[in-house]
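Participant: Kindly generate the corresponding structure for this input.
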Amino acid sequence: MKLTLTRRFLMASAITFTALAASGPLAIAQDKPVIRMSTPASETDQRSVALATVFGPAIGEFATYQPHYNASLVPQGSELEAIAAGDLEMSITSAQELANFLPEFSIFATGYVHRSAQHQVNVFSDPLMDPFKEKVESELGVKLLAVMYLGKRHVNLRFPRSEKNIMTPADLAGVNLRMPGSDAWQFLGRALGANPTPVAFTEIYTGLQTGSVDGQDNPLPTVVDAKFYEVTKQVSLTAHLVDLNYVAFSKAVWDKLTPEQQATVQKAAEDAAQAGREGQLKKEDELVAFLKDQGLEVYEPDLDAFRTHVQAQYVGSDFAKAWPEGVLDKINAIAD
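Facilitator: Below you'll find the model as predicted:
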């Protein structure tokens, strides 16, 4: 394993060891290894439900699936280090987290790289992903089994459509759009054509209510859960980020399985990802109807105009320097 032992890694490993010490050794069952899944998600999250109801039972003949929710086993953001150190068997990880170790993964966390949930699956299954997967295995000791759909982020504004009709990036000119404060998120906001404004998540509702921001971007479940629909008038379904997680599995544990068990684990991960994907897509469809019932205008803009404009902003930027040559064109050529 070639993982660089950075100060962050050493500190995270110490925290992880303390947390895991109380959970007991791997094989606490008499004849079955325990596959501990650590996730920051809740028990009711679509990803958690799918893994518990599909993945767990599928591997039950030879392993015990043991999920730990709300980052209760390993601190959020430390899961990859825990797997690399041999202290954890399984987690879900984002392209953003992987990019902290392997910068080329940033391509999968940028605007309009993925077009849909199915496009995510097709990209993950394409041979272009093989070098990415192999590098994660060789440098982190992590095997990426499947891709899980998180949802699409859209533009949600306090203006009615009669005042601001967001069909192209030009229509976002002058709009103060709340975006997370990191450089990558602020870059995406500018690429969309807006004036990105960093505001803490807990202050978004008040900002929309008072007009200190004109809008925010989030998946529809967040718009509903945080009640942003109470202080906004429209959602332009820009789908500027089709977000994902990867099912991450310990390569060391994988190598101890028989070929038959490996095939079962692989299929179980794929089936769980599919179940979670279907659940999340259904939920998104239901929320469109809910938001319309609340009086919001929900509509689809010119996605080709947005995609072309946003990708042009990334090409040649610092964010694209780590991308393997030609990979963006290959991703764009893969069908949904």
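
Participant: buried sites along stretch 105-123?
Facilitator: 105-115, 117, 119-123 (16 or more other C-beta atoms under 10 Å). Bear in mind the C-beta positions are built from the backbone N, C-alpha and C, glycine included.

Participant: no no, stretch 182-199
Facilitator: Within stretch 182-199, the residues that count as buried by 16+ other C-beta under 10 Å are 185, 187-194, 196-197, 199.

Participant: Equivalent analysis for stretch 325-336, please.
Facilitator: For stretch 325-336, the neighbour count (16+ other C-beta under 10 Å) marks 327-328, 331 as buried.

Participant: Give me the contact list for that stretch.
Facilitator: Stretch 325-336 is contacted from outside by 107, 113-116, 118-119, 122-123, 126, 128, 311, 315, 320, using C-beta atoms under 8 Å, 6 or more residues apart in numbering.

Participant: Can you tell me which member of these has the lowest pLDDT score?
Facilitator: Summarising pLDDT for the contacts of stretch 325-336: the lowest-scoring member is Val315, with 89.

Participant: Could you report the distance from that one to Val242?
Facilitator: According to C-beta to C-beta, to the nearest Å, Val315 stands 19 Å off from Val242.

Participant: Compare the two and say which is more crowded by neighbours.
Facilitator: Shown here are Val315 and Val242; by other C-beta atoms under 10 Å, Val242 has more neighbours (21 against 10).

Participant: what about the closest residue to that one other than its chain neighbours, which SS state?
Facilitator: Nearest residue to Val242 in three dimensions, chain neighbours excluded: His114, at 4.0 Å (C-beta to C-beta, 6 or more residues apart in numbering). For His114, the assignment made with DSSP: H, G, I helix; E, B strand; the rest coil gives coil.

Participant: thought His114 was touching Phe108?
Facilitator: Yes. Using C-beta atoms under 8 Å as the test, His114 is close enough to Phe108 to be in contact (7.4 Å).

Participant: so what sits against both of the two?
Facilitator: 123, 244.

Participant: Going along the chain, name the helices of this structure.
Facilitator: Here the chain has its helices, by DSSP state H, at 7-21, 46-50, 56-58, 79-84, 95-99, 117-125, 130-140, 183-191, 204-210, 220-225, 251-256, 259-293, 303-314, 327-333.

Participant: Could I get the ones you listed in CSV, plus columns for distance to Lys32?
Facilitator: Listed next are those as CSV, based on distance: least, C-beta to C-beta, whole Å:
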stretch, distance to Lys32
helix 7-21, 18
helix 46-50, 21
helix 56-58, 12
helix 79-84, 20
helix 95-99, 29
helix 117-125, 29
helix 130-140, 24
helix 183-191, 41
helix 204-210, 45
helix 220-225, 35
helix 251-256, 13
helix 259-293, 11
helix 303-314, 46
helix 327-333, 39
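
Participant: Which one of those helices lies nearest to Met167?
Facilitator: helix 303-314 (7.5 Å; C-beta to C-beta).

Participant: What residues of that closest one count as buried?
Facilitator: Across helix 303-314, burial judged by 16+ other C-beta under 10 Å covers 303, 306-307, 309-311, 313-314.

Participant: Which residues does that helix contact?
Facilitator: 110-113, 115, 167-169, 187-188, 190-193, 238-240, 320, 328, 332.
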